[in-house]
Structures are given as C-alpha cells and as structure tokens.
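**Q** could you look at this predicted model? Sequence included:
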Amino acid sequence: MKPNTFYGHQARYVRAVAKFNAGDTGGATKLLDEIIGGKGADKVTVARARLVRARLLYEAKKNEEALAEYLQVKRTDITQAGGCSWSAPGPASGSAPTTTRWACSTR
C-alpha cells in the first residue's frame, strides 16, 4: 500500500488510534502528524487525525495547542467522520478512570 494515498492514510490513522489506546502517545503523534501534513489524505481522515491529536495535547495539559488544533477542524468534516467518540473505562473499586479511548466507525 502506498503511503500517500487514501488507503495509506486510513491505515496510518488506524495504527495511530491503536498506539493512542495502547498508551504510545509519541508513536500516535508521529503518525497523526504524517496524516495532517501529508498528501493524499481525505478531509475526513485529516479531521479525525486532528481530533485525536487535539485530545493528546489536551491530556498533556497543552490546552492552547489543543484548542488551536480543535479549531482547525471544520464542522462539516466532523459530521462526515460520523461515529467518533471518546470513552473512559468505568471506575474500578471506586477509583476515577485514568485513561480514555478513541474510536470511530468506518464509513
């Protein structure tokens, strides 16, 4: 699969989300940056990548950078992305959840 094609970016996005969910924020960020700055990615994939990157920045307490990233996403791109959501695991033994997960349904 060629990296700078629609499917190449889709595959890169799936790997980035898997890395994010596994706690590898550095690896996820690198892949997300490749999607956002690369050629050949469709606007929905770029919007999804920006949302995940913004969440990573927010969780790193880089609120200004996170806000700037969120503001790059157009509302129409979000609605086309469809089915994206954050989830937090339920508290275990009364403790607050410490991790979040990101998931999007495919088109």
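**A** Structure's in. What do you need?
**Q** ok, how many other residues are close to residue 63?
**A** Counted with other CB atoms under 10 Å, residues neighbouring residue 63 total 10. The C-beta positions use only the backbone N, C-alpha and C, and glycine is treated the same way.
**Q** how close does it get to residue 36?
**A** Using CB to CB, to the nearest Å, we find residue 63 at a distance of 19 Å from residue 36.
**Q** residue 53 now?
**A** From residue 53 to residue 36 the distance is 7 Å (CB to CB).
**Q** same thing with residue 60?
**A** Residue 60 is 17 Å from residue 36, by CB to CB.
**Q** looking at those two, which is more packed in?
**A** Neighbours were counted for residue 60 and for residue 36 using other CB under 10 Å; residue 36 has more, 17 against 12.
**Q** correct me, but residue 72 touches residue 53?
**A** No: using CB atoms under 8 Å, residue 72 makes no contact with residue 53, being 9.4 Å away.
**Q** look at those two and report which has more neighbours.
**A** Set residue 72 next to residue 53 and count neighbours by other CB under 10 Å: residue 53 wins out with 24 against 15.
**Q** pull the distance from the host helix or strand of residue 69 to the chain's centre.
**A** Assigned by DSSP states H and E, residue 69 belongs to helix 63-71. In terms of CA atoms, centre = their mean, to the nearest Å, the centre of helix 63-71 is found 13 Å from the chain centre.
**Q** give me the pLDDT for residue 76.
**A** At residue 76, the model reports a pLDDT of 73.
**Q** list the residues that contact residue 36.
**A** 46, 49, 50, 53 (CB atoms under 8 Å, 6 or more residues apart in numbering).
**Q** many thanks, I have nothing further to ask.
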